[in-house]
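> Sequence first, then the predicted structure, then my questions.
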Amino acid sequence: MKQAKYLVPNDYMADPAVHVFNGKLYIYPSHDRESGIPENDNGDHFDMNDYHVFSMDDVEEGRVTDHGVVLKVADIPWAGRQLWDCDVAHKNGKYYMYFPLKDKNDIFRIGVATADRPEGFFTPEKRPIPGSYSIDPAIFEENGKYYMYFGGIWGGQLQRYRSNKALESACFPANSEPAICPKVVRLSDDMLEFAEEPRDALILDQNGKPLTQGDTTRRFFEASWMHKYNGKYYYSYSTGDTHLLCYAVGDNPYGPFTYQGVILTPVVGWTTHHAIVEFKGKWYLFHHDCVPSQGKTWLRSLKVVELEYNADGTIKTVAGSVAGQSVT
């Protein structure tokens, strides 16, 4: 079994988005800090207020360069609080950072900031993306088209929306009903807006039935990621309260995606969030756990481990940091 290693031992970073730019790996994490806010199910204790960028020339060597703070809440004109998970895309010599942030009404929107280099500094647009909501934007590019996957329930506020419209109050399906879906949307040519209405990224079981809300070990909760392997689209995500990273496979970026299994068993900590990337002929899983913080408010630390596939294209399960967990 491959062993994961920590990447930034002197600070608390989480929710990594990872891409290869200019022959290097660039890591775009959220930044945990001890805020003094009591823990709750809405994640108010994750009161992050800036982003760093990290780069690596070689994963096996393990040396990480910290490029410092590249965007702060104080820089963003429409800001309220909480810079959660972000992602970055490259197009025509520019780098676009997509970030979730609560506005002045405490509602999550998704904003855009731009830079001329992958390590920033990133300059935010004056307003969030029109029609955006919830958290965890993840960007996938294919043939010059860019797709955003987003959404997270509980603190991520996805339960407050149906058909891209805000509800008067949050609403969860019954356990026997189809689960709340993550969203997928193609970006506009200028990368600053949605080119269409967001759609459901539907996750099905092996019988072609949508996963149900009560199927908590398989249904979506947060932390979308997309990668392509051997012509198939691998949509991966966190189950949230059951602390698994799972994946489903489809034939196009919109889905539907058929559930396949578990990528990562539970880790120590409040959340599970990840990125999957190929670099120098190997695949890697970047994620986080809370082992180093021990006794603080679930401050999370970045980790990386090699990811392996079976001959049939399924992913070999990686053991998390919680001992004794089994996968069914």
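Sure, I can see it. Residues are numbered from 1 along each chain as shown.
> Could you list the low-pLDDT ranges of the stretch 201-328 of the chain?
Scanning the stretch 201-328 of the chain for pLDDT under 70 picks out 295-296, 323-328.
> all strands of it, in order?
203-204, 222-229, 232-238, 245-250, 257-264, 275-279, 282-289, 301-307 (DSSP state E, counting those that start in this stretch).
> With respect to V8, which of those strands lies nearest?
strand 301-307 (5.2 Å; CB to CB). Placement of C-beta: from N, CA and C, glycine included.
> Report the buried residues of the closest one.
Buried residues in strand 301-307, counting neighbours by 16 or more other CB atoms under 10 Å, are found at 301-305, 307.
> could I get those as a markdown table with distance to T271?
Output for the buried residues of strand 301-307, formatted as a markdown table (distance: CB to CB, whole Å):
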| residue | distance to T271 |
| --- | --- |
| S301 | 12 |
| L302 | 13 |
| K303 | 13 |
| V304 | 17 |
| V305 | 17 |
| L307 | 19 |
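> Would you mind checking which of those is nearest to W78?
After measuring those against W78 - CB to CB - the closest member comes out as L302, at 28.4 Å.
> Next, the distance between the ends of stretch 159-171.
6 Å (CA to CA, to the nearest Å).
> Name the SS class of the nearest residue to E141 once chain neighbours are set aside, please.
Once flanking residues are discounted, E141 sits nearest to A89: 6.3 Å by CB to CB, 6 or more residues apart in numbering. Under DSSP: H, G, I helix; E, B strand; the rest coil, A89 falls in the strand class.
> burial measure for A89, as a count.
The tally of other residues near A89 (other CB atoms under 10 Å) stands at 23.
> The one 3 residues further on now?
Using other CB under 10 Å, the number of residues around N92 comes to 8.
> Use 33 as the first number from now on
With 33 as the first residue, the last one maps to N124.
> Against E157, how distant is it?
For N124, the distance to E157 equals 17 Å [CB to CB, to the nearest Å].
> close enough to count as contact, I167 and E254?
Yes: here I167 reaches E254: they are 6.9 Å apart, a contact under CB atoms under 8 Å.
> Which neighbours do the two have in common?
Here I167 and E254 have 183-184, 188 as joint contacts, going by CB atoms under 8 Å, 6 or more residues apart in numbering.
> Inside helices: which ones of those residues?
The members of those all map outside helices under DSSP state H.
> got a markdown table for those, with distance to H305, neighbour count and pLDDT too?
What follows is the shared contacts of I167 and E254, written out as a markdown table (distance: CB to CB, whole Å; neighbours: other CB atoms under 10 Å; pLDDT from 0 to 100):
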| residue | distance to H305 | neighbour count | pLDDT |
| --- | --- | --- | --- |
| G183 | 13 | 30 | 98 |
| G184 | 10 | 29 | 98 |
| G188 | 11 | 24 | 96 |
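> Name the nearest of the residues you listed relative to G68.
When those are ranked by distance to G68 (CB to CB), G188 comes first, at 22.4 Å.
> How much space separates the residue nearest to that closest one when sequence neighbours are not counted from E310?
Spatial nearest neighbour of G188, chain neighbours left out: I167 (4.1 Å); criterion: CB to CB, 6+ apart. In this view, I167 and E310 are 26 Å apart by CB to CB.
> Look at these two and report which has more neighbours.
Between I167 and E310, counted using other CB under 10 Å, I167 has the larger neighbour count: 28 against 13.
> Phi first, then psi, for the more buried one.
With angles defined as degrees, to the nearest 10, I167 sits at phi -140, psi -180.
> ok, it - contacts?
116-117, 132, 140, 142, 182-184, 187-190, 254.
> Check S208 too.
The contact partners of S208, taken as CB under 8 Å, 6+ apart, are 244-246.
> what about 7 Å?
Contacts for S208 were tallied using CB atoms under 7 Å, 6 or more residues apart in numbering; they are 244, 246.
> roughly how far apart are the residue nearest the centre of the chain and D119?
Among the residues of the chain, the one closest to the centroid is A255, at 3.7 Å (CA atoms, centre = their mean). Plainly put, A255 is 11 Å away from D119 if you go by CB to CB.
> from memory the residue nearest to E173 sits against V144, does it?
No: counting by CB atoms under 7 Å, A121 stays clear of V144, with 9.9 Å between them.
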